[in-house]
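**Student:** please work out how this folds:
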Amino acid sequence: MTVQKNEKGQTLNEATSMLLAERKLFGQILYDDLSAQIAIPFELDAEGMDKLIQKFEDAGVSVVDANGEPTSHQLSVESQREAEVGTVEDDTALSSNTKINDSVRMYLKEIGRVPLLSADEEVALALRIQEGDTEAKQELAEANLRLVVSIAKRYVGRGMQFLDLIQEGNMGLMKAVEKFDHTKGFKFSTYATWWIRQAITRAIADQARTIRIPVHMVETINKLVRVQRQLLQDLGREPTP
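**Tutor:** Presented below is the predicted three-dimensional model:
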């Protein structure tokens with residue numbers, strides 16, 4: 001069986017690993033770039049593209065459009081996933097192997113008292129937010145804190161405390177509150193899930209790195225990566241110092 005390669009002679013795994021390593025420095029990649037560099041050369045179908053996106057996002061690299069937003073394709077996939085899984089009645093329920101202290105337990109009990117919103121209520125709050133109503137932002141966020149917990153539970157055991165996962169997810173939730181556009185036709189939970197997951201996976205990826213790279217060094221390192229990749233292609237081996 002012939003292994004498919006791109007014009008650089010790389011297999012799908014090789015090309016994906018190299019691109020992922022490069023984009024980890026930035027924490028994001030454009031959907032169009034991912035498509036042009038991986039999906040099109042290797043003729044990935046929709047399922048293959050979804051798996052590719054998931055691999056990048058699990059590594060803490062957000063796949064975004066030109067405006068830094070999730071693409072319509074990603075939101076459609078998220079919406080379909082929600083429909084398949086259904087609504088979990090008790091998002092704050094934890095497995096027996098998830099250790100929590102009293103403060104976390106109290107927090108879960110508190111947010112469980114906030115009623116969930118209907119679709120009409122979400123739209124009403126979104127309209128108020130567009131008009132600059134800060135109380136509406138708080139209401140929308142508080143009604144979705146259980147969503148953060150339900151997502152954070154999936155990442156327990158990956159190097160961060162449960163409370164830290166919740167805090168990172170809450171920051172992603174606040175970004176979703178700020179950016180949500182109800183006219184695009186997606187539920188807030190669908191949109192917020194993407195932002196919450198991005199915040200959590202990026203925090204896990206950052207924690208896994210022993211050295212955090214200053215922002216002003218990112219472009220310099222990216223240039224070195226490009227030069228190293230070019231030398232590897234020209235020499236047929238890893239360049240030496």
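**Student:** and the gap between Asp120 and Ala126?
**Tutor:** Using CB to CB, to the nearest Å, one gets 11 Å for the distance from Asp120 to Ala126. Yep, even glycine has a C-beta here, placed from its N, CA and C like the rest.
**Student:** between the two, which one's more packed in?
**Tutor:** In this view Asp120 and Ala126 are compared by other CB atoms under 10 Å, and Ala126 has more residues nearby, 18 against 8.
**Student:** OK, contacts around the more buried one?
**Tutor:** Ala126 makes contacts with Ala136, Leu140, Phe180, Asp181, His182, Phe188, as judged by CB atoms under 8 Å, 6 or more residues apart in numbering.
**Student:** which pair in the residues you listed spans the largest distance?
**Tutor:** Farthest apart among those by CB to CB are Ala136 and Asp181. That separation is 14.5 Å.
**Student:** so for these two, which residue has more residues nearby?
**Tutor:** Neighbour count, other CB under 10 Å: between Ala136 and Asp181, Ala136 has more, with 18 against 11.
**Student:** which parts of this protein are strands?
**Tutor:** Along the chain, counting by DSSP state E, strands occupy 28-30, 62-64.
**Student:** so what's Glu131 up against?
**Tutor:** Glu131 neighbours (CB under 8 Å, 6+ apart): none.
**Student:** give me the phi and psi for it.
**Tutor:** Main-chain torsions, Glu131, degrees, to the nearest 10: phi -90, psi 0.
**Student:** any idea how many residues pack against the spatially closest residue to Ile204 that is not a sequence neighbour?
**Tutor:** Spatial nearest neighbour of Ile204, chain neighbours left out: Arg158 (5.2 Å); criterion: CB to CB, 6 or more residues apart in numbering. For Arg158, the neighbour count with other CB under 10 Å is 15.
**Student:** can you give me the helices in this structure?
**Tutor:** With helices called from DSSP state H, the chain shows them at 12-23, 31-34, 46-58, 72-85, 102-111, 119-130, 134-142, 145-152, 162-179, 188-208, 215-235.
**Student:** helix 12-23 and the last one, what's the angle between them?
**Tutor:** Angle between the axes of helix 215-235 and helix 12-23 is 150 degrees (criterion: axes from the mean of the first three to the mean of the last three CA atoms, to 10 degrees).
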